Each structure stands twice: as structure tokens, then as C-alpha cells.
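Asks: Dropping a prediction and its sequence here:
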Amino acid sequence: MIALETRHLIKRFGGFTATHDVSLSIRKGARHALIGPNGAGKTTLINLFTGVFAPTSGQILLDGEDITALPVHARVARGLSRTFQINQLFGDFTPLDSMMLAIGERKGHGSRFWRSLAADRDVADEAAATLERFRLADVMSEETRLLPYGKQRLLEIALAIASEPKVLLLDEPAAGVPEEEREEVLSIVRALPENVTVVLIEHDMDLVFSFADRISVLAAGALFAEGTVQEIARDPQVKAIYLGEDA
Amino acid sequence: MTSGKTLALTLLGAKGRWRMWEFALWLVAIAATFLLPSQLLILTEVAILALFAVSLDLILGYAGIVSLGHTAFFGLGAYAAGILARDYVTEPVTGLVFAGLVSGLFGLATSFLVLRGSDLTRLMTTFGVAMLLAELGNQMAWLTGGADGLSGISMSPILGLFEFDLWGRNGYIYCLAVLIVLTFIARRIVNSPFGLSLMAIKRNPRRAAMLGISPKRRIVVIYAISAAYAGMAGALLTQTTSFVSPDVLAFHRSADVLLVLVIGGAGYLYGGIFGAIIFTLLRDWLSVATPQYWMFWIGLILVAIVMIGRERLTGWPALLARSLRGKSEPAGKETP
């Protein structure tokens, strides 16, 4: 079963082709890494997946459904969620507020205007449980922007999970996290539910090799190679363009 | 686990709770009916301006929509109430609801103008709509009285019971009651899941969309509610003065209400009320103290507030906001 698929996806910005005929299938439940040197078009691809950009041509399918024309929020509702490379959080909200928002929206409570937040018991319970799971329970009443970066990172992932995605796009989940908080973030990433398909966009090869079961390599906007971790690690061309002196 | 849930519920419960100072404010406002019988006309003015500013706060403070033409809805409501009273129904509460509906529908119809675009485009489109209405009001003299204003209004007693008296006592009680009820409703709205989603859209629309929020629908709804509030404020002005001046659609009213909100602080609902009190007192006092230069002083105060920063100049609105919204900061600061 294929969770996320692109067919001949092309994105041009003026004369520049950021995504060049990318056809990609990601199996349900996969831990799929998307790697490539800077400027390879990873972020553009994420933005095409999530609907921030409309492709110049080509199709995107989620669970077999064509979502190419859907706006961002409609894709989220169908089970496609992402985290951001740089935290996109509500700085003066508490983690509790943020979780109430995310879970409430998933349940379709967001247009309820005559109900207090506390009256949403099931949402509040789930928010507390999720905060607990993401090790944010003890800081649930702090302002988000005052939290240590690692905690903010955890909230970023918790928010994406709160929408109960089928496919979760993780954009460099450990980027910018200080060494001592890193393991906490990574353990959360490793513990993501198995039925969630995870697409990991990452620079850190150790993380990629320890986490992913399949890898796609992007170069200059095009899909350059795809295979299992072993295949990619052995591929001399991948080494040449990407791993470089690291290999 | 259980303790986390209990804590979450306690924290959420604290959000919407009434604070002591809120009770105090309304008690003082009610007591003023008896304590300041000679000042009731100006207090009525304050109540109307406060309601108008609360209406602006709903879109500016909560959804982040700047408007330089909010008086379009105020003026429309004022005319709607005036025409209804002159030609059809003279009972004030009916007129109030009617004006709210008319302005609310007009807000709904023009909300697409503020859905997209930058602050500048929003400033210009809202400004444009207000100008358009002002000119229409001026040209359609057969309906609005044109430049002479709409006269010939004589209101019947409120709910058939309370007559508008010469001293403005019932007028003030009426306006205050409307302000209290509508502030209470606004309070429920901003403390609801819907209100939380508005605050999220204001702070980070990208992230909000990534949580599955469709910003458009939320903005349309709050814009219409805000317009209805402004329309009812306009209706109160018409009903307490028995007259509609073309001035209700003038640019300075849009600017004044923005100023009121800047003085009082946006994003915690009471900023409009405090701002209206300060603004009206200041204007009154300055226009007596320096009749020719009061605009100069108002201008200077505005510049000072913006440059020095309201929080540093007067710590109290931030403190109030903090206590109102639980432990979180007042709105108005964007996250990067």
C-alpha cells in the first residue's frame, strides 16, 4: 500500500526548475528519508506535498486520493502533517493552549464560539496526555518562547502528531537542538507510532542511517537515487554527489 | 497522568474566570448613574465609544486585521437605526438588533476584502469602503437627509417601559446595559476554541493552516460579528441623540477608535473600554484647558504611547491582560 505518491511532479519558479519530474512512492508505515545536498529541492518538495506551493504540473496522491488541488488545511484534515525546520510555534501561547488548539481543530471544534476551553473535557484530557507523552507536562503552563529549544522542538512534533496524521513529514527534527537535549528529541522521533508513515528530511547521516528503512536522494531538483539504506550507502554515485568526503 | 489532566483543567478553567477588577469596573460604571448625575451625557458617550472599540478589538486584537474604516459599520448602524425609527419602528431594542443585523450582513459581504493581503491593503480597502459609504450617505439625501443629517427621530420608551429622559439617565443605563451584555458575549467568544483559533491565525497563519485551520472562514465570521457590534454602537448613538449626523461615517471616527484601542491596548477586550474612558476624559479636559490646541496634545500622547511602548509607559494593561488570559502574555506581539 502506498501512503504518499507523486507523479511527474514539476515546479518552476520563473526559469528555475526547483522540482524536476519527481515520481516518488512512499509505502504505508515506512520510515523514509529524503536526503540531498543544499539546494537539492527538499524544502520545495515538502511545500508541494503540504500545499504551500501549487506544482507547475504533476500530481500528488495521499492514500490514493489526488490532493494536488487541495489547500493546506484540507490536506491536514486528510492526514498529512509536517514539522518545520525552524520552529513555527505560537510564542506567547502555553504548550497547553497550543495542544488544545491542535486537538480541538482535529475534532472539528474550532468553530465553537459559545463554549469555554475547559468545557471541552475530552480535548483537555487528550491534550494533557499528549503533553505527558512528549515530556511537556511539567512546562504546560509556561510561555512557549521561554522554553528550552529542545522542549520547543518536542512541542513542534507534538503539534504535528496531534492532528493524527497518516503521513508525517519531519523537516530536520533535531536541527538546532543542543547536544544535551538531542537524545530526548530523537527518542520521541523513534517512538512515533508504527502506523504513521514518516518522511524524514535530514542532513545528519547518522540519524538517517539509524532511523530510515528507505532513502531517496534528491539532486538539482530531480530524484537521483532510491533504495534501501544499504543500497544507498553502497551507491558510489551517491557518495560522489552527496556524501563527498564524509564517505 | 491524572495530575496532568487535573492541572490542564485547572489552567483552562482559570482562563475564562471573571476577575475582581472586572466586577469593580462594572460596579463603578453602574454606581456612576447615581454618583455622577450631571455627567451622564459624557458617560453615555464613553459607553458608546467603548463598545465601538471593543468591536474593533475583536478583529484587530484577536484576528490581527487592521482597519482604517471601521466607522463604515458604525455609521451604517447609526443610519439603519435612524431610518427604522423615523419611518417604521421607534422601539430602541428593536432598532439596536436591526442595526446590528444590517451592519453584520454588510461586514459579511465585505469580509472578502480583508481575507488576503498585507496590512497596507487591508488599511486601504477598509478605508475605501468607509469613504464609499460616506459618499453614498451624502448623495442619497432622500433617505439619509444628506449633509443636513437625519432628523425627525423620536424614540419610544425602551422595551415600552423606560423613557429617554432629559438628563440622559435612562439613556446611560441603556447604553451601559448593552455594553455589558455585548462585552460578556465577546468574552465568551474570545475564550472559546474559536477565539483560540483566531489568536493562532493572528500569530502564525502558516502554522495555523498546518493544524488544519481554514483561516478564511474564521476571519469572515469574526469580521461579521465585529461589524454587528460596531453597528449596534452606531445605533446607540442615534437613539440617545435622536439624530444622525453625516459625521458618523467620517474618517476621524475610524482614526479615533483606533487611537482608543492603542491607548487602552489591543487583544484583551477591556482595552477598548479603558481606552474610551481615557480618551474621552483627556479630550474633554484638554479641550477645556487648551481649546485651540487639544489635538496637538492628543497627537503628542499618541506618539509617546507608540514610541515609548505602552507596556513601559503604563504597566497595568499588560498586568490586567495577564490576569485575564491566565498566565499568557497580552496579544499584540507577533512570534517570529
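Replies: Yep, it's here. Residues are numbered from 1 along each chain as shown, chains lettered A, B, ... in the order given.
Asks: now the stretch 1-150 of chain B, which segments are flagged as low pLDDT?
Replies: Scanning the stretch 1-150 of chain B for pLDDT under 70 picks out the ranges B:1-2.
Asks: which bits of it sit near chain A?
Replies: Within the stretch 1-150 of chain B, the positions near chain A by C-beta under 8 Å from any C-beta of the partner chain are B:1, B:4, B:5, B:7, B:8, B:9, B:11, B:12, B:13, B:15, B:16. (Glycine included, C-beta is placed from N, CA and C.)
Asks: Counting neighbours, which of those end up buried?
Replies: B:4, B:5, B:7, B:8, B:9, B:11, B:12, B:15, B:16 (16 or more other C-beta atoms under 10 Å in any protein chain shown).
Asks: and these, which of them are in helices?
Replies: Secondary structure from DSSP state H places B:4, B:5, B:7, B:8, B:9, B:11, B:12, B:15 of these in helices.
Asks: Which stretches in chain A count as helices?
Replies: Going by DSSP H, chain A shows helices at A:42-50, A:72-77, A:95-106, A:121-133, A:149-162, A:179-190, A:205-211, A:229-234, A:236-238.
Asks: What of the stretch 101-250 of chain B?
Replies: Taking DSSP state H, counting those that start in this stretch as the test, the helices found in the stretch 101-250 of chain B are B:112-115, B:119-139, B:141-144, B:169-190, B:193-203, B:205-210, B:215-241.
Asks: what about whatever residue of chain A ends up closest to chain B, neighbour count?
Replies: When scored by C-beta to the nearest C-beta, chain A has residue A:91 as its residue closest to chain B, at 3.4 Å. Residue A:91: 19 surrounding residues under other C-beta atoms under 10 Å in any protein chain shown.
Asks: and what of the one 10 residues further on?
Replies: Look at residue A:101: counted by other C-beta under 10 Å, it has 29 neighbours.
Asks: coming back round to it: so the residue of chain A closest to chain B makes contact with residue A:145?
Replies: Yes. Counting by C-beta atoms under 8 Å, residue A:91 touches residue A:145, with 3.7 Å between them.
Asks: Residue B:226 touches residue B:58, doesn't it?
Replies: Yes. Here residue B:226 lies in contact with residue B:58, judged by C-beta under 8 Å, at a distance of 4.3 Å.
Asks: State the distance from residue A:21 to residue A:6.
Replies: Taking C-beta to C-beta, to the nearest Å as the measure, residue A:21 falls 10 Å from residue A:6.
Asks: where do the contact lists of those two overlap?
Replies: Here residue A:21 and residue A:6 share the contacting residues residue A:58, scored by C-beta atoms under 8 Å, 6 or more residues apart in numbering or on different chains.
Asks: Those two: which is more packed in?
Replies: residue A:6 (23 against 15).
Asks: check contacts around the residue nearest to that one when sequence neighbours are not counted.
Replies: Sequence neighbours aside, residue A:24 is the residue nearest to residue A:6 in space, at 4.8 Å (criterion: C-beta to C-beta, 6 or more residues apart in numbering or on different chains). Residue A:24 makes contact with A:4, A:5, A:6, A:9, A:216, A:223, A:226, according to C-beta under 8 Å, 6+ apart.
Asks: would you list the residues you listed in TSV and tack on pLDDT?
Replies: What follows is the contacts of residue A:24, written out as TSV (pLDDT from 0 to 100):
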residue	pLDDT
A:4	95
A:5	95
A:6	95
A:9	95
A:216	93
A:223	91
A:226	90
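Asks: Residue B:128 against residue B:67, yeah?
Replies: No. Using C-beta under 8 Å, residue B:128 makes no contact with residue B:67, being 11.2 Å away.
Asks: Tell me which of these two has more neighbours.
Replies: Legend: neighbour count by other C-beta under 10 Å for residue B:128 and residue B:67, higher for residue B:67 (26 against 15).
Asks: Quick check: bridge partners of the one residue sitting closest to the centre of chain A?
Replies: Central residue of chain A (C-alpha atoms, centre = their mean): residue A:169, 2.1 Å from the mean position. Bridge pairing for residue A:169 (DSSP bridges) gives the partners residue A:82, residue A:199.
Asks: Now do the contacts for it.
Replies: Contact analysis of residue A:169 by C-beta under 8 Å, 6+ apart lists A:46, A:49, A:50, A:80, A:81, A:82, A:83, A:199, A:201.
Asks: By neighbour count, which of these wins?
Replies: Neighbour max across the contacts of residue A:169 (other C-beta under 10 Å) = residue A:80, 28 neighbours.
Asks: Can you tell me how far the closest residue to residue A:117 other than its chain neighbours is from residue A:96?
Replies: Excluding the flanking residues, the one nearest residue A:117 by C-beta to C-beta, 6+ apart is residue B:12, at 4.7 Å. Going from residue B:12 to residue A:96 by C-beta to C-beta gives 7 Å.
Asks: pLDDT value on the residue nearest to residue B:145 when sequence neighbours are not counted, please?
Replies: Among residues not flanking residue B:145 along the chain, residue B:151 sits closest, at 6.4 Å (C-beta to C-beta, 6+ apart). Looking at residue B:151, its pLDDT stands at 91.
Asks: okay, now residue B:151: neighbour count?
Replies: 13.
Asks: So it is in contact with residue B:245, correct?
Replies: No. With contact defined as C-beta under 8 Å, residue B:151 does not reach residue B:245; the gap is 9.6 Å.
Asks: Skip the chain neighbours and tell me the closest residue to residue A:44.
Replies: Of all residues not flanking residue A:44 in the chain, residue A:18 sits nearest, at 4.2 Å (C-beta to C-beta, 6+ apart).
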